[in-house]
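Trainee: A structural model of the following input is requested.
(chains A and B)
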Amino acid sequence: MQSEYANDIHLEAIEVFLNHILYVRGIYPTQIFKKRRIYNTPVYVSIYPPLNTYLAGVLRSARELLDRRELKCFEIILYHSENQPLESYMLQLDILESGAARQPAEDPHLIEYEQQLRVALHKLSERVKPLPKLPGNCQFKVHLHTTQTAFVQFSHEAQYQDFPWLQAETPQQMDARSPKVCLLPLATVDNVGLKMQARIFA
Amino acid sequence: MAGDEINNGFGECGYFEAKKSKLEEQFAAASDPFRKSNLFQGISIFVNGLTDPSANELKQIMMVHGGTFHHYERSHTKFIIASNLPDVKVRNMNTSKIISAQYIVDCVENKRVLDYKPYLLYTNQKTTQPRLVFGKGKNTSRANETMAVSMSETAPEPPPVENDLGKILKVLQLAAVAATSPKKETADKTVADVSTLSHSVRTAVDPAFLGEFYKNSRLHHIATLGAGFKQYVCELRQAHGNQPFPKRNELRSVLSGKQEMNADSAHYVMHIDMDCFFVSVGLRSHPEWRGLPIAVTHSKGGSAATDVPVHPQSDRQAERALFADRFEHQLHDNFRADKVRTGFEKKMSLSEIASCSYEARAKGIRNGMFVGQALKLCPELKTIPYDFEGYKEVAFALYDTVAQYTLNIEAVSCDEMFVELTDLVADLQVDVMTFVAHLREEVRSKTGCPCSAGVGSNKLLARMATKKAKPNGQFLLAPGIDVLAYMAPTPLEELPGVGSSMRHKLAQAGLRNCGDVQGTSREKLESLLGKKLALTLQQHSLGIDTRPLVYEQQRKSVSAEVNYGIRFSNASECETFLRQLSAEVKTRLTDIKRKAKSVTLKVMVRAAEAPIEASKFMGHGVCDTLNKSAMLQHPTDDVNIITSNVLKLMKEFDLPPHELRGIGIHLSRLSDVNEVKKENVLLQMFEKMSEKRKIETTAVEVQEEPQPELEQAEQQQQVDLEPQQPLDMSSEWKNSTNTSIKNTAVDPEVLAQLPEDIRQEVLDNMEEHLQPKHSEQRGRKRRKPKNAVRRSLPFPSAPAPLSKVSANKPSNRAQHLRHELSKRYRGGGQTDEIVMDYIDKVSNHVHPAIFEYISRPEVEVSQNLQGAAAAPRPQPPATLQNYLLGSNYKTMLADWVSNQRYPNHTDIITMNEKLAELVKGRYSSRIYDIMKHLCRLIKHKHEDVCEWHMAFRFIEDTVQHHMMEFEGYQMMLAESISCVMCEPM
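Mentor: Here you go, the predicted model:
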């Protein structure tokens, strides 16, 4: 698998998970989602144009960082009031740590990969189900975990100026080890080195 | 009536005792008039059986010299005099006082009481303990036996023996030198000194044997030289770094202009090899012999070689037939079979020829031939001895010369190497053969010995080219040449990796040379040899060789083997030798700065059908070779560990020592001394624990014994109640031993059987000795950092023997355990309370040994963790051998939960261990599944068993602890058990 294809595939997976989480957690009314067949399994995808534009902007930036191999983690934060997150879903990309592409050559048609993503999607829905229902009027935001240099370079790129990113609070604040936070392991996709877990803020 | 019978004039003890006492009195009375000295004052003897001097004579001696002679063995008889005793009696008796009659005689002779130990008929000394073996001393059989005693005991002996002693001491010291550093110069001195003691030819029994063996062994020298050069090349490469080679410039100026470079970018590998290395080195000092047939060998040659002394017990004809048979049928080596057939003629020398000159080869003499046979072919053959120093000098000169130009060298042996020339030729811009010619000339001028070189595009072709180049020439297997045609006539056995048995196999299929193989299909070869070998063989026959040059070769194994002069008469001799050989191999191991993980013992045993004595003097003859190996837990270079393993392996062989003909120790799976251990730290903890358990249980056993000791003490005098500790126990253990004393010393059963006064004393003493230690432990505990203890509990991997005491008082211990645990988990939240409750009940369901273990004092744990902390921090192990990661973990859990009414504590602890490993390996998703499944199982199967509920909470708590530690978050678990009965709220 060539690197650019690999990035496309990763990005697609991220997009699917992003849509899926938004649907499962009920951030938006279910009417704006339409059932599509992806990875040979039904997935709800947004058909609401403003949201789609926003998501496209997010993913375009993520794509850029992926290409530079600077994207460590793609974090979707669900919150009710600013600075008080309720849940955060982290898609950790192991590809950066393990360096070499982990895709085995013996999976040229990505059958195994698709299988694992399907499992991950189902696992995600299954494990999220017992979580307490979110209050109404919840919002979501996306954090991209990357390096300082990548961020600086990125914000100077002209073509991404129309979708600007802000630096979030320092990671220390976010990572404050509080006993109130629980970790919910969601899925691992070994073939791509994708690991997903959610932090639930009690 | 009954009272009358007792008071029948014989006192309280009955007739027989009275008789014994009376006889004693009579003896005392009768001896008074004869008494000349009080030499044997206080010594009483009893004579058992026929002795020399006889019982009567001994009785008289005792009379005269103030001793006592017992007609019957009594409890206070000091010595039993006997010349031999049947086995049954020996087993029944305390053999420590049975001595030979010679003792009395010698005492009288020396007019003083000697140390009796040398005269003991049966020593308690184990046969495995080393005995001093020394040369033919003058002091006959007695001396040989006596010297089994340690030096301190023999020290106060009278002057006549001191002479012997001095010698022994000397031999001992020298032997120690020889054993530890056989290569030092002192070894020569040893040999000289020892040979004055033993005039016969040395066998392996002699302590100096090993040193001399390695001094003379041809194979040893060749092998160590070869290995040494591999190391040498490594060192040169490291020392050199990226500096340029000054000699290249020099060479460039010499050769420039001569040659214009044909700019082909071919790959050049040179194989350079000295011509008949040993002979040409030997001839440096005898230039006048050049051109004559020369052979290098141990044998003196001339008439001596055709008329050697033959051991009376050897049977050459039989051995010849055997050897030939073996070579032909087992190894399919016709050449060696023929050699043996023709070489074993009567009285001909069986020394082998190490190397012979081209002139000798022309006469049909080959390397490895027996000298006797060679002399028959060529009577004017000149033999020259080995010149190991010369070999070393020339070999170093050769390597240094080549290393001036490039360090891309793969050392093969002391006189042979592969050199990568591609970059050198590109750098110098010269024709490759011009350079080779120049190099050969330089080697020749430096060493005075000719060499040949072949150049090809890979190692195989280079070697093939060298064959063509010899003697004293060079050959380029140029890229243009038809390699196939060149290789075709090459016999298969010249290819690397083809030995006699493979050749035999191939010959049976009609394949004799490379041409045959070239024309054979791969399938056919694969059916003959297997896939991998077939591929290599076919590639080689086509002149393709994919093996790269290995410049920095790491030693993969170290070994020392002796198969000459091994003639032991008993096990202790064999053992002494094994110790020496272990020390030798250890020295070699430390020389290359590695540690070994595997020890292999190789022994050669005389084949059942072979004659007792080999035809070759002190040789091994026809043998069966046996191998046994042991894996060590950690890589080691400790001579004691190696030795003990070797001895254990030897014991496992269970071979009669006199049948041994060769012994080798082989260390493999080497790792660097400094290499960081990446093993599972938990595993190490387990190992340490099981070791600790062993020692602890032995300590317990010791402590349960004092009863008989005390009884003895009752008869004698004051009792020393200081608990006896095994001497070899290091201070590290003391704490744990003492605590086990505390637990065991109060065994009421033992106490009850003690006499009143001693019991009191025991109780008093116990308070005195144990109380302060207990409080000391407390103090320690408080100082301990808490998080270190929070780790999971290792559990005893080997179930320990059941200790009476711990079974007696479970409730006490439960209390204790509760206390301990509350400390360990302080601040861990309310769940700990459940654990506490649980533990209170645990004692009813758990094996006492396990219970004792989990309620052990904390000191032990801290030691354990300190040990673990000394090792590097645990990395998430790359490959977790954890069955919870397997796909069938659900079945496993289901089995566990449904098969037991109550959870077994060991299982819970194991579970915790495994889950902890998973946390470290960041398999959080799997943990989630496991916990959920386990929870459901328990809910389903044991809805009403609170033990299971508590077990689950305990496990859950541990998991959360670990998650906190490694991830910083607790885990969100989908399910939990809510039970009204055991609800923590």
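Trainee: Quick one: residues contacting residue A:183.
Mentor: A:197, A:198, A:199, A:200, B:924, B:963, B:967, B:969, B:970, B:971, B:972 (Cβ atoms under 8 Å, 6 or more residues apart in numbering or on different chains). Just so you know, the C-beta spots here come from the backbone N, C-alpha and C atoms, and that holds for glycine as well.
Trainee: would you turn these into TSV with secondary structure, pLDDT and neighbour count?
Mentor: Listed next are the contacts of residue A:183 as TSV, based on DSSP: H, G, I helix; E, B strand; the rest coil; pLDDT from 0 to 100; neighbours: other Cβ atoms under 10 Å in any protein chain shown:
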residue	secondary structure	pLDDT	neighbour count
A:197	strand	80	23
A:198	strand	81	22
A:199	strand	79	21
A:200	strand	78	19
B:924	helix	77	23
B:963	helix	82	21
B:967	coil	74	16
B:969	coil	76	22
B:970	strand	78	20
B:971	strand	79	22
B:972	coil	77	20
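Trainee: Residue B:639 and chain A: what is the separation?
Mentor: Separation of residue B:639 from chain A (Cβ to the nearest Cβ, to the nearest Å): 43 Å.
Trainee: typo on my end, residue B:239
Mentor: In terms of Cβ to the nearest Cβ, residue B:239 sits 33 Å off from chain A.
Trainee: Under a three-state scheme, what state does that residue occupy?
Mentor: helix (DSSP: H, G, I helix; E, B strand; the rest coil).
Trainee: burial measure for it, as a count.
Mentor: 9 (other Cβ atoms under 10 Å in any protein chain shown).
Trainee: what about it, distance to residue A:10?
Mentor: 48 Å (Cβ to Cβ, to the nearest Å).
Trainee: Residue A:163 too?
Mentor: If you go by Cβ to Cβ, the gap between residue A:163 and residue A:10 works out to 20 Å.
Trainee: of the two, who's got more company?
Mentor: Legend: neighbour count by other Cβ under 10 Å for residue A:163 and residue A:10, higher for residue A:10 (22 against 13).
Trainee: Show me which residues of the host helix or strand of the more buried one are buried.
Mentor: Assigned by DSSP states H and E, residue A:10 falls within helix A:3-24. Neighbour-count burial for helix A:3-24 flags A:6-7, A:9-11, A:13-23 (criterion: 16 or more other Cβ atoms under 10 Å in any protein chain shown).
Trainee: and of those, the nearest to chain B?
Mentor: Nearest to chain B, judged by Cβ to the nearest Cβ, of the buried residues of helix A:3-24 is residue A:17 at 15.0 Å.
Trainee: Which residue, other than its chain neighbours, is closest to the closest one?
Mentor: Excluding its sequence neighbours, the residue lying closest to residue A:17 (Cβ to Cβ, 6 or more residues apart in numbering or on different chains) is residue A:91, at 6.2 Å.
Trainee: List the contacts of the one you found.
Mentor: A:14, A:17, A:73, A:74, A:75, A:76, A:194, A:195, A:196.
Trainee: quick one: which of these is most hemmed in?
Mentor: Busiest of those [other Cβ under 10 Å] is residue A:74, holding 28 neighbours.
Trainee: Which residue is the nearest non-sequential neighbour of it?
Mentor: That would be residue A:91: by Cβ to Cβ, 6+ apart, it lies 4.3 Å from residue A:74.
Trainee: what secondary structure does residue 76 sit in?
Mentor: Answering for chain A, as no chain was given. Quick answer, by three-state DSSP: residue A:76 is strand.
Trainee: wrong one, chain B
Mentor: Going by three-state DSSP, the state assigned to residue B:76 is coil.
Trainee: can you check residue B:943 too?
Mentor: Quick answer, by three-state DSSP: residue B:943 is coil.
Trainee: now the strands for chain A?
Mentor: A:33-38, A:41-46, A:73-81, A:84-93, A:139-145, A:181-189, A:194-201 (DSSP state E).
Trainee: tell me what the fifth one is packed against?
Mentor: Yep, that's strand A:139-145 we're talking about. When contacts are defined as 3 or more Cβ pairs under 8 Å, 6 or more residues apart in numbering or on different chains; DSSP states H and E, strand A:139-145 packs onto helix A:49-67, strand A:73-81.
Trainee: Which of those sits closest to residue B:488?
Mentor: For these, proximity to residue B:488 was assessed by Cβ to Cβ; helix A:49-67 is nearest, at 55.9 Å.
Trainee: Check which helices and strands the closest one is in contact with.
Mentor: Looks like helix A:49-67 contacts helix A:3-24, strand A:139-145, helix A:148-156 (3+ Cβ pairs under 8 Å, 6+ apart).
Trainee: Roughly how far does the closest residue to residue B:101 other than its chain neighbours sit from chain A?
Mentor: Nearest non-adjacent residue to residue B:101, counting by Cβ to Cβ, 6+ apart: residue B:51, 4.2 Å away. Distance from residue B:51 to chain A, counting by Cβ to the nearest Cβ: 84 Å.
Trainee: what number of residues lie near residue B:51?
Mentor: For residue B:51, using other Cβ under 10 Å, the count is 18.
Trainee: same deal with the one 3 residues further on?
Mentor: As a burial measure, residue B:54 scores 12 neighbours (other Cβ under 10 Å).
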